[in-house]
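Asker: Build me a model:
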Amino acid sequence: VATGVHGISLYQLQVSARNRRFLAGQNALGRDALHEYVLFQCAEQVLLRAGFSKNHFTHFARASDQNLYYRHPTRGEDLLALGPTASGVLGGYYYRHAELDRYLEDRRGQGLEGGMTETPDETRLGPAMIELMSGIACPTTLAAVGAEDLLDRWRAHGLVRSLAPADRLALTANGSWFVRAMMQEVEASSRGL
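Answerer: Now for the predicted structure:
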């Protein structure tokens, strides 16, 4: 906060083949989920008190940080992703570039290989999922997919809090931590499960 950075992303380190050996050498492969959860809770409080706001479920920003990469769906924009491991979307077609070694070896330029087209259900649920990923829960958007019944329970469990304007709710640190489960609940609720 004191450095004056415009944005900070907080999330659990993803362990993969690329970093597993390094983490093992640092004796950091073991994870303490409760410790990480508490650290995330504390970090959110520090950042909110310092004037940051959430513009993605794990990104805290000052006003000058628009977090353009993660918020492209809220603007209805496609995302042309270039480079190894980059993810992009063109219309309803989502793709991810190959891992670094395959990307560097690929002389044919097949960067969009391995993508998938959005299903009608994913298209229908998209606005609600995009809002949750942006750290917001809008009652009208959830109602449009038949999942408005979740809001009272999310409030009771401290997953969302009121946000101005009054027709929107913001994910709390708990909501950000459990956003994947919230998205699964929206999907299940919209199907009447």
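Asker: now the helices for this structure?
Answerer: 20-25, 33-49, 68-71, 100-105, 120-133, 139-144, 150-156, 173-177, 179-190 (DSSP state H).
Asker: winner for burial among those?
Answerer: Most buried of the helices of the chain, by mean neighbour count (mean count of other Cβ atoms under 10 Å): helix 173-177, with a mean of 22. Placement of C-beta: from N, CA and C, glycine included.
Asker: Can I get that one in CSV, CA atoms only?
Answerer: Provided in CSV are the C-alpha atoms of helix 173-177 (Å, rounded to 0.1, in the frame of the first residue of the first chain):
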residue,chain,number,x,y,z
ALA,A,173,-13.5,-11.6,1.6
ASN,A,174,-15.6,-14.7,2.4
GLY,A,175,-17.4,-14.4,-0.9
SER,A,176,-14.2,-14.0,-2.8
TRP,A,177,-12.7,-17.1,-1.1
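Asker: Determine how far it lies from the middle of the whole chain.
Answerer: Chain-centre distance of helix 173-177: 11 Å, with Cα atoms, centre = their mean, to the nearest Å.
Asker: From residue 31, how far out is the residue nearest the centre of the chain?
Answerer: By Cα atoms, centre = their mean, the chain has its centre lying nearest to residue 133, at 4.1 Å. Note on residue 133: its distance to residue 31, by Cβ to Cβ, to the nearest Å, is 23 Å.
Asker: For residue 172, give me its contacts.
Answerer: 44, 158, 159, 160, 161 (Cβ atoms under 8 Å, 6 or more residues apart in numbering).
Asker: now those: which count as buried?
Answerer: Neighbour counting with 16 or more other Cβ atoms under 10 Å marks 44, 159, 160 as buried within the contacts of residue 172.
Asker: want to try a markdown table for those, with pLDDT and distance to residue 80 as columns?
Answerer: Converted to a markdown table, these look like this (pLDDT from 0 to 100; distance: Cβ to Cβ, whole Å):
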| residue | pLDDT | distance to residue 80 |
| --- | --- | --- |
| 44 | 93 | 32 |
| 159 | 95 | 34 |
| 160 | 94 | 33 |
